[in-house]
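**Student:** Take a look and give me a structure for this.
(one chain, ligands or ions: 1)
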Amino acid sequence: MTDVAAVDLRLRIEHRVGRLLGETAPSPFIRILTGAEESDLLLKALKAAVEFDIYWSNEYFYQWLGGEASASVNDWLRNLLQPPKLREEITVEGHQLHIVERPFVPADARLASLRAFAIDMQMPGAGVAYARVLAKQGAYVEALAIARKNLETTRARETDAAAQARANPSNGAAGPRSAPRQYELHVIENQIFALERVIAGKTVFRALKRYLGDDDGYLKARTCHMPFERIDIQENGNCAVCCAQWMPRFSTGNVLSDGVSALDVFRNDRSAAARQSMLDGSFKFCDLVKCPVFANEALPTKEAALVFGENTRNGVQRGAVKHEYPSYVLLAFDQSCNLSCPSCRSHVITEKMDMQTRKEELIGTSIAPLLRQARVLHINPAGEIFVSRPLRRLLSKLNPTDYPNLKLNIISNGMLLNQREWDKFPGIHGMIDSIRISTDAATKPTFEKLRRGGRWEIFYENLKFLAGLKDRGEINEFKLSFTYQVDNFREMPAFVDMCRELSPHAVTIFEKLENWGTFKPEDYKHMAVHKMDHPLHEEFLAIISQPKMAVVPRRLYADYSGFL
Ligand code: SF4
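**Tutor:** Reported below is the predicted structural model:
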């Protein structure tokens, strides 16, 4: 471990020497020393911090620490012979800094400065980098304390900024509103997750190793095709390039409020920034814990990802991040639903008529142009497709003649999807790639508790009808999903059996319960049996360790591999 006190003493001595050389920073500036070779990295770290970019601020701070650990006599002489240079003045998180460049600053002195950035100045990116350094040295408990404090102070800062913005919506002037201060909090949360697991003696999946020091280029060698190929449109009009929960708080624009089309959003700078993060190894908008591809170590290498589509190929081979059309469209477009599952909502939601009308218009003006070029339409994880008026209209318009390349992935709660309903949409019959039914239970009592408003007998009849579509080859895939939590996790093995009984070709999907804001934190804590500190976590681990629960491509998908 670095002897921080000794380094502080050394800094004081260096500071004295600097003062003798006339190297002072006027009050209220704080003087930061950097070696000339590393000063670009320090400036990049600070400039990323100015933009609340925790990931890159952390990464550049961490890289800034590389290089020689201690000064040779020659280095000291070089420092004495060459005058220090004021490289830049910069204000970060309210601190005014003078970046002073000298020919050489040893790594332990830089580490002491990083510690000051992390602890005294509470810069979130520096906090992540400093905890990484400690973790790399094996000081996991100290690293976790730094990371937890970092999360607490960064959250508080964001909350304060939001309160100030509310109190002063135009920043006190007639000018434009400034962008809300929003940090990539998931970066710190991911680091905490990794540290907690390593302290508990559990495995840490490879993508998270970066937050314990280095990932040895694992993520740099990989990419994800989603942002290149996909646009998501959510019920409030917000757009994204992937599942909104896996890229928390990341929006590429809003088709209801920004006066832009979905294609404009797909082609804009925010979408390009997300793609860039798939090429530079940062994956900075992705929550590495929530997105299952990291835990399952299923992220493809850049070479292997070339098969996913032309946009991805152009991205990986030529660095292109602006593309004309998505090949994959996800409409999480209408919250209306006939059920009110406790994991999703507290009451039945039906969208207001004027909003339904706006969405119908939007389908004609903004979404249909996307679909003419797309290969996949994934529809409607926000609510029940078969009670949504705009989405029923859309289904009735789709047909293989007008949309020759398009296949549909339908998500439904299954309560309405029977033969009669199926017959109402003949145009889509040859277009279904998959029908996925959110189930969450293998027994009537559990189903009717977790699917409030649902009836098991009707539901199970509909499942048999859908299994028949699959077995006769009328749809490509029949999927049944199960979000596991304290009320149903003991039924997970029975759910696997139930899927097999319905159809030998059915695909079983297990996903952990997330808190989309539905639950109070204490209620979520009670339900989230996948969390290490849950009292039933060991029993949960025993269940998912059963051979029948193992992930099998095209048969059983699960996001729990990272918990084992
Ligand atoms: S969150 Fe996961 S699926 Fe989404 S872009 Fe990132 S890596 Fe890909």
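
**Student:** Spatially, what comes nearest to the closest residue to the ligand within the stretch 451-564 of the chain if we skip its sequence neighbours?
**Tutor:** Residue nearest to the ligand within the stretch 451-564 of the chain: residue 559 (10.9 Å; CB to the nearest ligand atom). Heads up, the C-betas are built off the backbone N, CA and C, glycines and all. Closest residue in space to residue 559, ignoring its immediate chain neighbours: residue 292 at 3.5 Å, by CB to CB, 6 or more residues apart in numbering.

**Student:** Report the contact partners of the one you found.
**Tutor:** Shown in contact with residue 292 (CB atoms under 8 Å, 6 or more residues apart in numbering): 298, 511, 558-559, 562.

**Student:** And residue 393, by the same measure?
**Tutor:** Taking CB under 8 Å, 6+ apart, one finds 360, 363 in contact with residue 393.

**Student:** for the stretch 351-500 of the chain, what spans make up the helices?
**Tutor:** Ranges of helices in the stretch 351-500 of the chain, per DSSP state H, counting those that start in this stretch, are 353-362, 368-371, 389-397, 419-423, 444-450, 456-471, 492-502.

**Student:** Would you format the ones you listed as a markdown table with mean pLDDT and distance to residue 310 included?
**Tutor:** Below are the helices of the stretch 351-500 of the chain laid out as a markdown table (pLDDT from 0 to 100; distance: least, CB to CB, whole Å):
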| stretch | mean pLDDT | distance to residue 310 |
| --- | --- | --- |
| helix 353-362 | 92 | 26 |
| helix 368-371 | 88 | 16 |
| helix 389-397 | 93 | 25 |
| helix 419-423 | 97 | 33 |
| helix 444-450 | 96 | 41 |
| helix 456-471 | 97 | 30 |
| helix 492-502 | 98 | 35 |
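
**Student:** Quick one: closest of these to residue 343.
**Tutor:** helix 444-450 (6.7 Å; CB to CB).

**Student:** Pull out the buried residues from that closest one.
**Tutor:** Buried residues in helix 444-450, counted by 16 or more other CB atoms under 10 Å: 446-447, 449-450.

**Student:** Kindly report the same for stretch 181-190.
**Tutor:** Judged by neighbour count using 16+ other CB under 10 Å, the buried positions of stretch 181-190 are 183-190.

**Student:** Run the contact check for it versus the ligand.
**Tutor:** No: Stretch 181-190 stays clear of the ligand (CB under 6 Å from any ligand atom), getting no nearer than 10.0 Å.

**Student:** sorry, back to before: hmm, residue 512 and the residue of the stretch 451-564 of the chain closest to the ligand touching each other?
**Tutor:** Yes: counting by CB atoms under 8 Å, residue 512 is a contact partner of residue 559 at 5.8 Å.

**Student:** Just the ones of the buried residues of stretch 181-190 in helices?
**Tutor:** 185-190 (DSSP state H).

**Student:** for the protein, what spans make up the strands?
**Tutor:** In the chain, strands defined by DSSP state E lie at 30-35, 85-92, 95-102, 230-234, 238-240, 253-254, 328-332, 376-379, 407-412, 432-438, 477-484, 507-512, 556-558, listed in chain order.

**Student:** Now tabulate those in a markdown table and tack on distance to residue 166.
**Tutor:** Formatted as a markdown table, the strands of the chain follow (distance: least, CB to CB, whole Å):
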| stretch | distance to residue 166 |
| --- | --- |
| strand 30-35 | 31 |
| strand 85-92 | 24 |
| strand 95-102 | 25 |
| strand 230-234 | 23 |
| strand 238-240 | 20 |
| strand 253-254 | 20 |
| strand 328-332 | 28 |
| strand 376-379 | 35 |
| strand 407-412 | 36 |
| strand 432-438 | 36 |
| strand 477-484 | 34 |
| strand 507-512 | 33 |
| strand 556-558 | 41 |
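
**Student:** Same list, the ones you listed, but as a markdown table with mean neighbour count and mean pLDDT please.
**Tutor:** Formatted as a markdown table, the strands of the chain follow (neighbours: other CB atoms under 10 Å; pLDDT from 0 to 100):
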| stretch | mean neighbour count | mean pLDDT |
| --- | --- | --- |
| strand 30-35 | 22 | 90 |
| strand 85-92 | 15 | 92 |
| strand 95-102 | 20 | 92 |
| strand 230-234 | 25 | 96 |
| strand 238-240 | 24 | 95 |
| strand 253-254 | 20 | 95 |
| strand 328-332 | 24 | 95 |
| strand 376-379 | 22 | 96 |
| strand 407-412 | 21 | 97 |
| strand 432-438 | 20 | 97 |
| strand 477-484 | 21 | 97 |
| strand 507-512 | 20 | 96 |
| strand 556-558 | 19 | 96 |
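
**Student:** CA-only coordinates of stretch 97-114 in PDB, if you can.
**Tutor:** Extracted in PDB, the C-alpha atoms of stretch 97-114 (Å, rounded to 0.1, in the frame of the first residue of the first chain):
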ATOM      1  CA  LEU A  97      -7.500  24.300 -10.400                       C
ATOM      2  CA  HIS A  98      -4.200  25.400 -11.700                       C
ATOM      3  CA  ILE A  99      -2.600  22.500 -13.600                       C
ATOM      4  CA  VAL A 100       1.100  23.000 -13.300                       C
ATOM      5  CA  GLU A 101       3.300  21.000 -15.600                       C
ATOM      6  CA  ARG A 102       6.800  19.900 -14.500                       C
ATOM      7  CA  PRO A 103       9.100  17.700 -16.400                       C
ATOM      8  CA  PHE A 104       8.600  14.900 -13.900                       C
ATOM      9  CA  VAL A 105       6.100  14.100 -11.200                       C
ATOM     10  CA  PRO A 106       6.500  10.600  -9.700                       C
ATOM     11  CA  ALA A 107       3.500   8.200  -9.600                       C
ATOM     12  CA  ASP A 108       3.100   8.200  -5.900                       C
ATOM     13  CA  ALA A 109       2.800  12.000  -5.900                       C
ATOM     14  CA  ARG A 110       0.200  11.700  -8.600                       C
ATOM     15  CA  LEU A 111      -1.600   9.100  -6.500                       C
ATOM     16  CA  ALA A 112      -1.700  11.500  -3.600                       C
ATOM     17  CA  SER A 113      -3.300  14.100  -5.900                       C
ATOM     18  CA  LEU A 114      -5.800  11.500  -7.100                       C
END
